[in-house]
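>>> Got a sequence here, can you model it:
(one chain, ligands or ions: 1)
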Amino acid sequence: MNDTIHRRWVLAAHPQGAPKASDFRLEEGPIPVPGPGEFLVRTILIGIEPRLRLMLNPTTETNKAMRPEGAASGLGKVIPSSVLGVVMASNDPDFTPGDLVDGLLGWQSHAVVARGGYNRKNNPAGIRTCDLDLGPPAAHLSVLGTPGLTAILALKHEGRLGPGETMVVTSAAGTVGSVAGQLGRLAGARVVGITGSDEKARYLADELGFDATINYRTAGDLAAAVRAACPNGVDYHFDNVGGAMAATINAQFNPGARHTRCGIVSKYNLSHTQWHQSDEFDGQFTVHDHVAEYTEAKAELARLLKAGDIKCVERIFDGIESAPAAFVGLMQGENIGKWLVRVSEDPQ
Ligand SMILES: NC(=O)c1ccc[n+]([C@@H]2O[C@H](COP(=O)([O-])OP(=O)(O)OC[C@H]3O[C@@H](n4cnc5c(N)ncnc54)[C@H](OP(=O)(O)O)[C@@H]3O)[C@@H](O)[C@H]2O)c1
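Numbering: from 1, shown residues only. Sure thing, here's the model as predicted:
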């Protein structure tokens, strides 16, 4: 960690299809100085997340709504991403040097945060302070962060699972999917995970206790595989993938079945024009619609994490240089659980 230079990854080119390392450029400069009402954050960890791909298309009138305020990524702009960091200097009475915070601060070693927008203390839609009593630093970007909150709140509001019901979860070995599946099992459901490799399928069955798994890349007839894994039909589909896979699963719905449209990762590499020909964005679950429930939901996730009732493996890549390669790998399906990039050491 070099604490005299500000290093940041910016968008060098809008990706065409799958992202590649050359779409990103590393820049260096002086560490920014917080002005009146602002504070400076040193990045500790960056969360690698698929939704970033959606933000790398050009911003147009038709896709503006998909970009969180301030996160639109134009050429030369810092790559937006969830970050865990520590406050280094502050001219904002709500933030004190030493506070651990997380927010959408991007692929950079330091960020000056201005009042308004993401600078609202404990506003979980923006920057928020992290309580290390709830769990270790990395967990605040995985189980205790947006991925875990998404899983628990979607299950609460849309899943409403009862014992003996069947839940199917896709991209099941990712952070959101693996937490959702474990919560489904805790609710007494039979949980079937669909994923992209045998290694991931083993992880779901052996480490997380999923009742059945399907490797969609080798399954051949996916509809037949879902029928075999769900002999009593499907009551709840936690959908991280969308597209043809979602339609195949929904075709096996029982009366009264629920469908959480959580993510559409099968389409994230499409251009913004192709994307908006899809109606799958309609009715999508949005975790930030449930901000008022974050404190309670986090406490519950922390309790389950400490008790060993839910787990999430994390892989941490060393150095801000590794961010593009990690993102490229994640979009190619290489991750199990949460991938993070370490930019500086945890505070002692
Ligand atoms: N609605 C909300 O409020 C909200 C909040 C947070 C996240 N999300 C969404 O939740 C989903 C999961 O997020 P996460 O952070 O846990 O990421 P993740 O599931 O780890 O995402 C990466 C995984 O996506 C899968 N994937 C990539 N391309 C695919 C394709 N073409 N077809 C099928 N699967 C593909 C791969 O797994 P396989 O090997 O299984 O293919 C890859 O390992 C994402 O779609 C994300 O955008 C939604």
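>>> how about the residues of the stretch 101-250 of the chain near the ligand?
146-147, 150, 171, 173-177, 195-197, 200, 240-241 (CB under 6 Å from any ligand atom). C-beta here means a position set from N, CA and C on the backbone, and glycine is covered the same way.
>>> all strands in the stretch 101-250 of the chain, in order from the N-terminus.
110-113, 128-129, 166-170, 190-195, 212-215, 234-239 (DSSP state E, counting those that start in this stretch).
>>> Determine how far the last residue of stretch 127-136 lies from the first.
18 Å (CA to CA, to the nearest Å).
>>> how distant is that stretch from the center of its chain?
17 Å (CA atoms, centre = their mean, to the nearest Å).
>>> How about stretch 247-257?
26 Å.
>>> So for it, mean pLDDT?
For stretch 247-257, mean pLDDT is 98.
>>> Using neighbour counts, pick out the buried residues of it.
For stretch 247-257, the neighbour count (16 or more other CB atoms under 10 Å) marks T248, I249, Q252, F253, A257 as buried.
>>> Ok, stretch 291-304 next?
V291, E293, Y294, A297, K298, L301, A302, L304.
>>> Could you check the pLDDT of the fifth one?
On pLDDT, K298 comes in at 97.
>>> Renumber starting at 194 from here on
With the count now opening at 194, the last piece we talked about shows up as K491.
>>> Can you name the residues in contact with the one helix or strand it maps to?
Assessed by DSSP states H and E, K491 sits inside helix 487-500. Residues outside helix 487-500 that contact it (CB atoms under 8 Å, 6 or more residues apart in numbering): 317, 327-328, 332, 336-337, 341-342, 345-346, 349, 372, 376, 379, 483, 503-504.
>>> go again using 6 Å as the cut-off
Under the contact criterion CB atoms under 6 Å, 6 or more residues apart in numbering, helix 487-500 has outside partners P317, L327, G328, V336, L337, G341, L342, I345, L346, I503.
>>> Downstream of it, the next helix or strand is which one?
Past helix 487-500, the next helix or strand by DSSP H and E is strand 507-511.
>>> Show me which of the buried residues of stretch 484-497 is closest to the ligand.
Nearest to the ligand, judged by CB to the nearest ligand atom, of the buried residues of stretch 484-497 is V484 at 11.3 Å.
>>> State the mean pLDDT of stretch 361-380.
Mean predicted confidence for stretch 361-380 is 98.
>>> Export that stretch to CSV, keeping only CA atoms.
What follows is stretch 361-380, C-alpha atoms only, in CSV (Å, rounded to 0.1, in the frame of the first residue of the first chain):
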residue,chain,number,x,y,z
VAL,A,361,-34.4,-23.4,-7.1
VAL,A,362,-31.6,-20.9,-7.1
THR,A,363,-29.4,-20.1,-10.0
SER,A,364,-25.8,-18.8,-10.0
ALA,A,365,-26.1,-20.7,-6.8
ALA,A,366,-22.4,-20.7,-5.9
GLY,A,367,-22.1,-16.9,-6.0
THR,A,368,-22.5,-14.8,-2.9
VAL,A,369,-26.2,-13.9,-3.3
GLY,A,370,-27.2,-17.4,-4.5
SER,A,371,-25.3,-19.3,-1.9
VAL,A,372,-26.6,-17.2,1.0
ALA,A,373,-30.2,-17.4,-0.5
GLY,A,374,-30.0,-21.2,-0.8
GLN,A,375,-28.7,-21.6,2.8
LEU,A,376,-31.5,-19.4,4.1
GLY,A,377,-34.0,-21.5,2.1
ARG,A,378,-32.7,-24.7,3.8
LEU,A,379,-33.0,-23.0,7.2
ALA,A,380,-36.7,-22.2,6.3
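>>> returning to that earlier point: select from the buried residues of stretch 440-450 every entry located in helices.
T441, I442 (DSSP state H).
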